[in-house]
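Trainee: Build the 3D model from these lines:
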Amino acid sequence: MGRTTNVRPGRQALCSAKRKWTEFQRDVCSHARALRLLFTCSRDWAVMGVTILADGLYPFISIHLSALLLEALYKKRPPEEMIFLALSGAGAALVVSLIRHLAAKYKNTLWWSLRFRLEEPLMEKAMGMDYELMEDEEVLKLRSGQEEYRRHGGSAFEIFIWQFELFLTACMKLVFALVTLRTLPSLFPSGMLATAAALITAGLFLINRAGRRAGEREYQIWQENADSERLHSFIMSEVILNSEAGKDIRLFHQQDMLLDYGEQTCESGRRIYQKIARLQMGQGFLQSLWAAALGVIAYLATGIQACGGVIAPGSIVRYAGGIRQTVQALTDLLASWRYLHNYRERMDEFFAYLDLPERKKKGTIPVPKRRDGRFLIEFKNVSFRYPGTDAWVLQNLNLRFEIGERVALVGPNGSGKTTFVKLLCRLYDPTEGTILMNDVDIRKYRYNEYMRLFSVVFQDFQVFSLKMGEYIAGSSDVDTKKALDAAERAGLSPLLARMPQGPDTMIGRDFSEEGFVISGGEAQKLAMARAIYKDAPFVILDEPTAALDPVAENEIYTHFHEVIGRGTALFISHRLSACRFAREILVFEKGRLVQRGSHQELCRTQGLYRRMWEAQARYYQNGLETGG
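Mentor: Model prediction:
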């Protein structure tokens with residue numbers, strides 16, 4: 001028993017040492033990667049080496065100058081020599097100060113550039129990652145977390161650069177301090193030096209341990225309040241400052257509710273900052289108290305030695321200053337490393353977002369280029385549920401259709417119609433089953449080539465504040481003739497006639513006072529024009545006329561063949577009158593395909609489609625009878 005109890009503390013100590021060594025290795029790897037990314041953004045960051053050298057050297061100029069002047073005064077040197085020393089020291093200080101100023105000014109310019117450059121890898125990742133990751137809760141937390149860090153004290157990368165520079169500056173100061181104190185050991189008894197070294201080491205250890213705990217607690221506070229911070233950001237940017245939301249706020253008298261939310265989140269933020277400020281103030285007080293105490297001891301020790309004639313009076317300033325700078329350098333060294341360690345979690349989140357793996361299989365088979373534009377699509381036993389959920393959205397779906405047909409998807413809300421489109425476009429892959437194109441699993445085709453087959457207008461499409469031609473083309477390289485043709489086919493000729501700069505007119509006034517504000521119906525036509533411009537074989541329209549007036553809707557469907565061209569038109573609509581233009585109608589209910597056929601065939605058959613048709617027809621008939 002006694003042997004066991006003696007071994008356990010040893011094992012615990014060994015495990016603790018291994019954990020710390022592992023943490024140290026993770027710190028080094030993370031910081032090394034951050035440095036590689038920094039110099040990838042700009043190699044001009046080498047200027048940081050100049051500021052580190054200048055900042056490390058600057059305090060020692062005054063220390064050595066003061067020591068030389070004091071010794072010259074004590075030895076009653078000629079005034080000319082003392083003036084020369086003073087001017088030399090002042091000149092050296094001026095040169096170093098000028099170097100610090102110029103380097104810092106240039107570094108500030110790099111800071112602003114870096115803030116934008118660091119957005120590039122995040123943007124590239126957001127635009128290049130699998131779409132299903134865009135809707136993943138953990139991924140959203142990683143991305144929004146970086147935004148929150150940037151709003152509150154700087155991004156992980158900015159804090160890394162700031163603390164890493166402080167760390168290297170502390171190392172440089174320590175080097176200069178040790179050079180200054182190189183003759184000190186011979187002037188003091190070895191026992192006194194050993195005692196001083198032990199006290200300094202113990203103090204550094206305790207302060208570093210307290211600081212690490214404070215940093216861990218600070219990170220924990222941020223994590224505990226991350227949701228409330230995201231809520232505050234959402235309310236400010238997406239609700240209160242959103243002009244579209246402003247209509248609802250006023251019409252439904254939501255001002256008091258939102259003000260209450262704002263007050264709660266502001267109060268929560270105030271409490272967060274108070275807790276963090278107390279942690280930082282306590283840590284700063286301990287460091288300052290410890291450094292001041294050591295400074296006093298250093299001056300007393302060197303003063304006593306000077307009184308005893310062991311050292312010259314000027315050396316009091318040199319050695320005391322050197323000891324104080326040594327203590328300060330060690331304190332800054334451990335503090336900056338502690339910050340780098342504590343904020344490594346944020347850096348890890350930054351890199352975790354960039355390192356998100358691709359889940360989707362990207363094939364290598366090129367998509368066949370058929371002269372007739374005919375592609376056969378087949379769903380075989382396809383079932384799907386969204387990641388992280390148990391509910392099946394589609395179940396055992398089996399169907400086939402050929403590109404070149406007009407197909408309509410109808411069914412109640414939540415029946416799986418939009419999910420069907422997402423699977424067809426490979427925004428998601430089936431949970432079970434296979435989707436084939438020309439008898440080949442679509443996962444085997446080159447992903448980007450397969451995506452070019454589809455031109456989609458989703459119900460929740462986005463209209464960006466760009467030039468109208470750029471939005472339609474989806475590119476800054478606009479084929480103006482093609483863009484105008486697409487706009488005309490989508491029914492945008494009246495809008496173009498009113499736009500002062502034609503297709504070069506900005507949409508909205510977010511970035512230009514000359515921008516043109518468009519209606520909901522015009523926005524939907526713009527989205528359709530973008531789909532037409534792409535000229536893809538497969539056009540998918542999710543509620544394509546929901547925001548259009550009846551006349552515009554009739555024009556779209558009357559000239560449907562001219563609008564869509566030769567490609568397949570697969571559209572989702574709750575207005576069953578629009579389905580008469582489709583060659584075939586697919587009826588979904590609770591994630592299953594329950595009916596298919598033409599409008600006439602489905603109306604002659606008892607089923608969901610006929611019930612939906614009769615319900616809509618009865619509504620219009622009752623309206624006419626009431627009006628009569």
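
Trainee: drop to CA atoms for contacts and neighbour counts, all remaining ones
Mentor: Fine.

Trainee: so the spatially closest residue to W45 that is not a sequence neighbour is in which element?
Mentor: Distance criterion Cα to Cα, 6 or more residues apart in numbering; nearest residue to W45, sequence neighbours excluded, is F39 at 6.6 Å. Under the criterion of DSSP states H and E, F39 resides in helix 2-41.

Trainee: show me where the stretch 401-550 of the chain has strands.
Mentor: Ranges of strands in the stretch 401-550 of the chain, per DSSP state E, counting those that start in this stretch, are 406-410, 432-437, 440-441, 454-457, 538-542.

Trainee: show me what contacts the residue nearest to E589 when sequence neighbours are not counted?
Mentor: Leaving aside its sequence neighbours, E589 sits nearest to S415 (Cα to Cα, 6+ apart; 4.8 Å). The contact partners of S415, taken as Cα atoms under 8 Å, 6 or more residues apart in numbering, are V393, F588, E589, K590, G591, R592.

Trainee: Among the residues you listed, name the ones in strands.
Mentor: Mapping the contacts of S415 onto strands (DSSP state E) picks out F588, E589, R592.

Trainee: how much space is there between the most centrally placed residue in the chain and E137?
Mentor: By Cα atoms, centre = their mean, the mean C-alpha position of the chain lies nearest to R143, the distance being 3.9 Å. Separation of R143 from E137 (Cα to Cα, to the nearest Å): 10 Å.

Trainee: Sketch out the low-pLDDT regions of the stretch 201-350 of the chain for me.
Mentor: In the predicted model of the stretch 201-350 of the chain, residues 219, 222-223, 225-244, 247, 251, 306, 308-310 satisfy pLDDT under 70.

Trainee: which residues of it fall in helices?
Mentor: For the stretch 201-350 of the chain, applying DSSP state H, counting those that start in this stretch gives helices covering 226-234, 243-251, 255-307, 313-342, 344-354.

Trainee: need those helices in JSON lines with distance to T364 and mean neighbour count, can you?
Mentor: JSON lines is the format used below for those (distance: least, Cα to Cα, whole Å; neighbours: other Cα atoms under 10 Å):
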{"stretch": "helix 226-234", "distance to T364": "41", "mean neighbour count": "16"}
{"stretch": "helix 243-251", "distance to T364": "44", "mean neighbour count": "12"}
{"stretch": "helix 255-307", "distance to T364": "50", "mean neighbour count": "15"}
{"stretch": "helix 313-342", "distance to T364": "43", "mean neighbour count": "23"}
{"stretch": "helix 344-354", "distance to T364": "24", "mean neighbour count": "19"}
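
Trainee: Give me the pLDDT value at I99.
Mentor: pLDDT, I99: 86.

Trainee: tell me the domain boundaries of this protein?
Mentor: Here the domain parsing of the chain from automatic domain parsing is 16-354, 377-453+536-627, 463-535.

Trainee: Quick one: closest of these to K362.
Mentor: domain 377-453+536-627 (5.5 Å; Cα to Cα).

Trainee: Would you reformat the strands of the stretch 401-550 of the chain as JSON lines and include distance to W162?
Mentor: Shown next, in JSON lines, are these (distance: least, Cα to Cα, whole Å):
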{"stretch": "strand 406-410", "distance to W162": "56"}
{"stretch": "strand 432-437", "distance to W162": "50"}
{"stretch": "strand 440-441", "distance to W162": "51"}
{"stretch": "strand 454-457", "distance to W162": "46"}
{"stretch": "strand 538-542", "distance to W162": "49"}
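
Trainee: Now tabulate the ones you listed in JSON lines and tack on mean pLDDT, distance to Y106 and mean neighbour count.
Mentor: Formatted as JSON lines, the strands of the stretch 401-550 of the chain follow (pLDDT from 0 to 100; distance: least, Cα to Cα, whole Å; neighbours: other Cα atoms under 10 Å):
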{"stretch": "strand 406-410", "mean pLDDT": "87", "distance to Y106": "60", "mean neighbour count": "26"}
{"stretch": "strand 432-437", "mean pLDDT": "94", "distance to Y106": "56", "mean neighbour count": "19"}
{"stretch": "strand 440-441", "mean pLDDT": "92", "distance to Y106": "55", "mean neighbour count": "15"}
{"stretch": "strand 454-457", "mean pLDDT": "86", "distance to Y106": "47", "mean neighbour count": "23"}
{"stretch": "strand 538-542", "mean pLDDT": "83", "distance to Y106": "52", "mean neighbour count": "24"}
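
Trainee: quick one, which of those is nearest to F511?
Mentor: Nearest of the strands of the stretch 401-550 of the chain (Cα to Cα): strand 454-457, 24.8 Å.

Trainee: list the helices and strands that closest one packs on?
Mentor: helix 520-534, strand 538-542 (3 or more Cα pairs under 8 Å, 6 or more residues apart in numbering; DSSP states H and E).

Trainee: In which helix or strand does I377 reside?
Mentor: Per DSSP H and E: strand 376-384 holds I377.

Trainee: residues of that strand that come out buried?
Mentor: In terms of neighbour count (16 or more other Cα atoms under 10 Å), strand 376-384 has its buried residues at I377, E378, F379, K380, N381, V382, S383, F384.

Trainee: Which other helices and strands does that strand contact?
Mentor: strand 394-402, strand 432-437.

Trainee: would you turn these into TSV with distance to W45?
Mentor: Shown next, in TSV, are the helices and strands packed on strand 376-384 (distance: least, Cα to Cα, whole Å):
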stretch	distance to W45
strand 394-402	53
strand 432-437	51
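
Trainee: which stretch among those strands comes nearest K525?
Mentor: Of all these, strand 394-402 comes closest under Cα to Cα, at 26.3 Å.

Trainee: how big is the angle separating that closest one from strand 538-542?
Mentor: 130 degrees (axes from the mean of the first three to the mean of the last three Cα atoms, to 10 degrees).

Trainee: Need the contact partners of strand 394-402.
Mentor: 374-385, 416, 419-420, 433, 568, 590-593.

Trainee: With stretch 158-173 instead?
Mentor: 31, 34, 48, 52-53, 55-57, 325-326, 329-330, 332-334, 336-337, 339-340, 343, 347.

Trainee: Same question for stretch 375-391.
Mentor: Against stretch 375-391 from outside (Cα under 8 Å, 6+ apart): 136, 392-403, 430-439.

Trainee: Show the end-to-end separation of it, please.
Mentor: OK, stretch 375-391 end separation, Cα to Cα: 32 Å.

Trainee: Distance from the chain centre to it, please.
Mentor: 30 Å (Cα atoms, centre = their mean, to the nearest Å).

Trainee: try stretch 423-442
Mentor: The mean C-alpha position of stretch 423-442 is separated from the chain mean by 30 Å, Cα atoms, centre = their mean.

Trainee: and what of stretch 30-41?
Mentor: For stretch 30-41, the distance to the chain centre is 17 Å (Cα atoms, centre = their mean).

Trainee: Now that stretch - C-alpha only, PDB.
Mentor: What follows is stretch 30-41, C-alpha atoms only, in PDB (Å, rounded to 0.1, in the frame of the first residue of the first chain):
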ATOM      1  CA  SER A  30      -0.200  26.800 -34.000                       C
ATOM      2  CA  HIS A  31       2.100  29.900 -33.800                       C
ATOM      3  CA  ALA A  32       4.300  28.600 -36.600                       C
ATOM      4  CA  ARG A  33       1.300  28.200 -38.900                       C
ATOM      5  CA  ALA A  34       0.100  31.700 -38.000                       C
ATOM      6  CA  LEU A  35       3.500  33.100 -38.900                       C
ATOM      7  CA  ARG A  36       3.500  31.300 -42.200                       C
ATOM      8  CA  LEU A  37       0.000  32.700 -43.000                       C
ATOM      9  CA  LEU A  38       1.200  36.200 -41.900                       C
ATOM     10  CA  PHE A  39       4.200  36.200 -44.300                       C
ATOM     11  CA  THR A  40       2.000  34.700 -47.000                       C
ATOM     12  CA  CYS A  41      -0.200  37.800 -46.700                       C
END
